[in-house]
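Q: Mind folding the following:
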Amino acid sequence: MRSPALLMLLFYSALWAQQAQVEVQVPLDSAGALVEISPELRTRTQLFPEVEDFLSARLFQGGDSSFVLEIAYREAGRLARRRSLMTAAQVRTFRQELTHALQSPARTQRMDQEGRPGLIVRQTLMGLGFYGWSVPRMMEIDGTRGTIAAYMLTSAASFALPYYLTRNRPVTTTQTMMTTYGSTRGLLYGLFVRNMVAPDAYSDASEWGPPLLGSLIGSVGAFRLAEKSGLTLGSAELIGVMGDFGSGFGLGTTHLAELWNGDDRERAAHSLMLGMTGAGLAGGYLLSQREHYTRGDAYVLRMEGILGAQIMMPIAAAIADKKEKSYTVGAMTGGVLGVGIGNWLLKDEDFDFNEGALISCGQIAGGLLAGGLTYLIDTNENFDGLVYHSAIALGSLAGHAFLYHTFKLRR
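A: Numbers count the residues shown, from 1 in each chain. I've put the predicted structure just below:
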């Protein structure tokens, strides 16, 4: 006679044999190559958006041809699993959708369009401020009706084209900043090229066409450069700052070399200015590869270069007895010193955009305050220009130094 314990063991064994079901892991995709969805793949395909702290997903098939989708995730720091029954038709649909998502990664990835609104707004302002006026002049449209119509249509296009062309592509803040730089400075570069190639042409088309073309080429070129180069916002701003300094040094050099006397010499003047602008842009790029710059740092460096020019200009003028070229020599020398000292001071700083903008405004306000007080004191108009230049320089230095150290001490 069998014991009760043996009978109980046989009973539960038979019950387990009836209820136990073996599940075999099967592929998740139609190609039969994917057996698990990882967190990275889940982000790419945007599956299971309702699951937080997703870990993995697997598909199992039972002996009765049923399917179970198992999703593992973390809940309150503990491992959790969710199992969902699926029919063969549902699995077939799921596999088709997953395979399609894997074959179309560009469609499922979210684009970075943080800079798109700023790009469209700034290009619209360029249309209102320059493109709308230059197109009718370049096309030599006569009559008020035609001019107004061309202005309105061009200004509208300055919004519509950027909006349409960027609707399905990434637009970063760096691209927006560089596009703005290219569109505004492109006006100047187009003018340089025009005066180098055809300085004697005086038609509306020759005068307005090159700046307009330069602005458009600058916009597109700067946008693509930012897209391909991977420059940070601070590096891009630094390149623009050094390009502006290059243009300023080119202008000062042409003044010292007296290249503005005569048409032939003016051709050389514009060539020199364009070349020095290019040298400034190249120098800014090289500096950006060596030093870490935030956008605020680049703003501060620009103002420190200007501050150096402000300080050295009256000093050089006083030494040279106020000769005309002494102001230019002082400004250029001070600009070099200001940029050099500023780069040294900024090695351990990381000013953000707001701090850089406020330091810039503080320097301007300090100069205006000092100039205004000097003008009030000079009731009998006894002061000459050198006194005013000196007062404004000291006021700018005070405003810059005060805010610079205020933000530095906060960190």
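Q: and the helix or strand hosting residue 345, what does it pack onto?
A: Under the assignment given by DSSP states H and E, the secondary-structure element containing residue 345 is helix 324-345. Taking 3 or more Cβ pairs under 8 Å, 6 or more residues apart in numbering; DSSP states H and E as the contact definition, the neighbouring helices and strands of helix 324-345 are helix 233-256, helix 295-319. The way it works is simple: take the backbone N, C-alpha and C, and place the C-beta from them, glycine included.
Q: Reformat these as CSV; add distance to residue 342.
A: Output for the helices and strands packed on helix 324-345, formatted as CSV (distance: least, Cβ to Cβ, whole Å):
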stretch, distance to residue 342
helix 233-256, 10
helix 295-319, 3
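Q: Would you point out which residue is most central in this structure?
A: Closest residue to the average C-alpha location of the chain: residue 174 at 1.0 Å, with Cα atoms, centre = their mean.
Q: Put together TSV for the helices and strands packed on helix 324-345, with mean pLDDT on each row.
A: Converted to TSV, those look like this (pLDDT from 0 to 100):
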stretch	mean pLDDT
helix 233-256	94
helix 295-319	95
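Q: of those helices, which approaches residue 34 most closely?
A: Nearest of the helices and strands packed on helix 324-345 to residue 34, taken as Cβ to Cβ: helix 233-256 at 38.3 Å.
Q: Next SSE downstream of the helix or strand bottoming out on mean pLDDT in the chain?
A: Within the chain, no helix or strand scores below helix 105-108, which has a mean of 45 by mean pLDDT, DSSP states H and E. For helix 105-108, the following helix or strand on the C-terminal side (DSSP H and E) is helix 116-126.
Q: same for that next one, what does it pack against?
A: By 3+ Cβ pairs under 8 Å, 6+ apart, helix 116-126 packs against helix 144-165, helix 173-197.
Q: and residue 336, what does it touch?
A: residue 308 (Cβ atoms under 8 Å, 6 or more residues apart in numbering).
Q: before we move on, what about residue 86?
A: Applying Cβ under 8 Å, 6+ apart to residue 86 gives the contacts 59, 66-69, 94.
Q: Most widely separated two among the residues you listed?
A: Taking Cβ to Cβ as the measure, the contacts of residue 86 span a maximum distance of 14.2 Å, between 66 and 94.
Q: Show me which of the two is the more surrounded one.
A: Taking other Cβ atoms under 10 Å, residue 66 and residue 94 do not tie; residue 94 has more neighbours (18 against 15).
Q: what pLDDT does the more buried one get?
A: If you check residue 94, the pLDDT there is 84.
Q: Quickly list what the residue lying closest to it once chain neighbours are set aside is bridged to.
A: Closest residue to residue 94 apart from its sequence neighbours, by Cβ to Cβ, 6 or more residues apart in numbering: residue 86 at 7.1 Å. Partner residues in beta bridges with residue 86: residue 67, with DSSP bridges as the criterion.
Q: any idea how far residue 86 is from residue 355?
A: 56 Å (Cβ to Cβ, to the nearest Å).
Q: Check residue 144 too.
A: Looking at residue 144 against residue 355, where the rule is Cβ to Cβ, the gap reads 48 Å.
Q: So which of these two has more stuff around it?
A: Neighbours of residue 144 and residue 355, each counted by other Cβ under 10 Å, are more numerous for residue 355; the result is 24 against 8.
Q: Could you say which helix or strand holds the more buried one?
A: Per DSSP H and E: residue 355 is located in helix 353-377.
Q: just to revisit the earlier point, for the residue nearest to the centre of the chain, list the residues it contacts.
A: For residue 174, the contact set (Cβ under 8 Å, 6+ apart) comprises 115, 226, 231-233, 236.
Q: circling back: for the helices and strands packed on helix 116-126, which one ends up most surrounded?
A: helix 173-197 (a mean of 22; mean count of other Cβ atoms under 10 Å).
Q: Can you name the next helix or strand after that one?
A: Moving on from helix 173-197 towards the C-terminus, the next helix or strand you reach (DSSP H and E) is helix 204-229.
Q: chain center to that following helix: distance?
A: 17 Å (Cα atoms, centre = their mean, to the nearest Å).
Q: can you give me the angle it makes with helix 144-165?
A: Angle, helix 204-229 to helix 144-165, by axes from the mean of the first three to the mean of the last three Cα atoms, to 10 degrees: 10 degrees.
Q: Quick check: the closest residue to residue 225 other than its chain neighbours vs residue 185, distance?
A: The spatially closest residue to residue 225, leaving aside those adjacent along the chain, is residue 178, at 6.5 Å (Cβ to Cβ, 6+ apart). Distance, residue 178 to residue 185, by Cβ to Cβ: 10 Å.
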